[in-house]
Structures are given as C-alpha cells and as structure tokens.
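1. Sequence and predicted structure, then a few things I'm wondering about:
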Amino acid sequence: MKRTVNVVVTAAGTVVGQGIIKCLKLANTNGGDIEYRITATDASPLAAGLYRGDFGVVVPLATDPGFVEAIIGVTKKSGATAIYAGSDEELPPLSSAKEKIERETGAKVMVNPAGVLEACSDKWKTYVFLKENDLPRAESAVPEFKESFYSVNRFPLVVKPRGGHGSVDMHVVRDRDEAELAMGAIVRNGSRPLIQEYLGDEGMEFTTGVTVTSDGEEVMSSIAMRRTLKGGQTYKAFIDDFAEVRVSAENVALKLGARGPLNIQSRLVDGEPKIFEINPRLSASSPMRAVAGVNEPDMLYRNAVLGERPKVTEYQKLVAMRYWNEVYVRQSTFQKTEKEREFVGPDSVVLPYF
C-alpha cells in the first residue's frame, strides 16, 4: 500500500522546478510505495509549474529577506518532509538556512553544503578546484592572467561570466580584440569575465547527473547524455552508457564533497571528458533521466528522508526531443491566486493533443 508524503518544490516557473515536479509525478505512476503530494512555490502567479502541483503558493524572491521564513511557513503548513530547490538563486539562502529550516520544520532541505555551492557558482573557483585535484578540465584564466593564457592557448577561445548559467553572455572570440570586447560587455552587465579554452565540437557536449548520498560517502547514480543546446538548455539528448564521461563525473562529485545532486557539463576531447561547468543542483533534464530509469528526486528523498541507499547502475538508452507545450488555467483560478497568493489544485490542464 502506498503512503502519501508531502514535499515542497520551489521556483516552479523554471525548467528545473518543473523538471522536479515531472519526476515526482512520474514516481507516483511507476508502482512505487510512495505517493508524492507536491506544494509548488514561485515568486510569480504566472509560473506554469505553480498550477501543476497539488498546491501552489506565491512566495517572495530568493533575494528578499522574507524568503526563508516564507518557505518555512509553506513547509509547516503543508506538512512537507522535503524541500527541493528549483533555481540557482534559491540555493544560497536555502543552504545558509538549512539547519534552521530543518530544525523548525523537520523537513530535509535537498541542497549541497555551502562549500560545494561556492566552488560551483564561480567558474574560476571551479577551475581551480579541478586543477588542484588533477581532474579533467577546460583550461581557464581570469583577465589579470590573460597574456600568459594567450601564450599557450590558441584562438578561438571562450569568454563567459564567472557566475551565471544557461550560456547567458557566452562569447566565442577569434582574436584579442574580440576577447576585449566580450570581457567589456560582461563587465558592463555587472559580471566578472572568465577566459576559457574552446573545446571544439559542440556535438560532443555532455551533461551528466550524479546523485551522492547525504553523508557524502557513495554515488547512488550517474547518467550521461550527449546533447544539443537551444537557448542554453538541453534541446535534444542521446542517453547512452558513456562510461568514461560518467566515471569522470562520479570522481568529481566525491572529490568535491557533494551531498545530493550535481549536474556536470563536459565535452569529449581526444577521448577525455573535459569539464567546464558544475551545477550543484538537480537539472532541467532530470525528467529525461527519470524516464530512462534514474529518478533523481525520488532517490534523493528515499536517501535523505527514509534512510535508504538506492543504487542504479543501468538505464534505458533513449533519444529525447523537447518541444513547447501549454498549461491552461481558468482566469478565475489565476485571479484568485494573484490576489490570495495561494492556489489549491489541481485546476490546470495539459491537453494530450500532441
């Protein structure tokens, strides 16, 4: 007999938050012993994922001083036993307040330790970590070391912000003048630039999901996909074994001290996966992994909350192709949510017309 558990998924307007909701709903249909009841949160009443859970609550932005207390309130009210973070912006406040949230609510906060977040949120620090631990990496430099970097790395090169995600403000530059222009644009946009080795063939880019037990001692799963991007997101994905890519990602996850989910980006160069970015969270492509047989949010819950140590070593080989879809909500439902900041569902529709 299934037992119902309550969980909170934040940032339900993002592809990551929506991906977590998809995974939990998939777990509900796959014959497991748990039924997830989902409370979705977002800062906007126009977040599609807000209406795809069992409940939806509008909360302050992650940068708002009231964000953590709002999440505590939602968690208490829903009786949730776990909180999943659906955006990069929410990771630092949830990680910083993890002990307080868990103490006051009894719910497990599914975020990595602050040190892991710090190493991954700054691509220069990521590079330094990889280099110090002799792990495969894309060679990188900050502007003050650009001349020595140029002397040993040929153009084209990549210039990107040290923070950020989703290929925002990333430039492929062909000479020093283009590099200077790209770095200037990044600075004007309020970020710090990083110069990075150009890893060549975009058709050999991989995203690898790794889950690590909450004690940091064991990898529960790893699953790699060769992907093509659109707007910085995985658009087409080839899910296969890719053993060398997965083993590399597993080594990075354990060395980094991850506790929970990691998403590692790399490109295969001469048979070696060179890592250029690590996202210390669940991925927007988690639903693809779940369909293949690696349901990361479900595994994380079973480990962190139930004390189980699930292990998945095999999965289906699939091709995933993304497309747009629509969520329909009655105007009266939206207006009520906009006014009262809370939605009790389900009262949204996704039509099976494609």
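-> Nice, I can see it. Predicted model, so just to flag it, every value in this text is computed and none were measured.
2. Quick check: phi and psi at residue 221.
-> With angles defined as degrees, to the nearest 10, residue 221 sits at phi -160, psi 150.
3. Now it: closest residue in space, sequence neighbours ignored.
-> Counting by CB to CB, 6 or more residues apart in numbering, residue 221 lies nearest to residue 312, which is 4.3 Å off, once chain neighbours are set aside. For glycine as for every other residue, the C-beta is placed from the backbone atoms N, C-alpha and C.
4. distance of that neighbour from residue 259?
-> 18 Å (CB to CB, to the nearest Å).
5. higher neighbour count, these two?
-> Under the neighbour definition other CB atoms under 10 Å, residue 312 and residue 259 were set side by side, and residue 259 has more, 23 against 17.
6. Contact partners for the more buried one?
-> Shown in contact with residue 259 (CB atoms under 8 Å, 6 or more residues apart in numbering): 112, 113, 116, 212, 213, 214, 215, 216.
7. Let me see the confidence value for the closest residue in space to the last one that isn't next to it in sequence.
-> On the basis of CB to CB, 6+ apart, the spatially nearest residue to residue 216 that is not a chain neighbour turns out to be residue 259, at 4.8 Å. The predicted local confidence for residue 259 comes out at a pLDDT of 97.
8. Angles on the backbone of residue 259, please.
-> Here residue 259 shows phi and psi, under degrees, to the nearest 10, equal to phi -140, psi 90.
9. any idea how far it lies from residue 303?
-> For residue 259, the distance to residue 303 equals 10 Å [CB to CB].
10. any shared contact partners between these two?
-> Going by CB under 8 Å, 6+ apart, residues that sit against residue 259 and also against residue 303 are 213, 214.
11. Look at the residue of the chain positioned farthest from its centre and give its secondary structure.
-> Most distant from the centre of the chain: residue 151, at 35.0 Å, with distances by CA atoms, centre = their mean. Here residue 151 is recorded as helix under DSSP: H, G, I helix; E, B strand; the rest coil.
12. Tell me the spacing between it and residue 124.
-> For residue 151, the distance to residue 124 - CB to CB - is 19 Å.
13. With residue 254 instead?
-> Per CB to CB, residue 254 is found 22 Å from residue 124.
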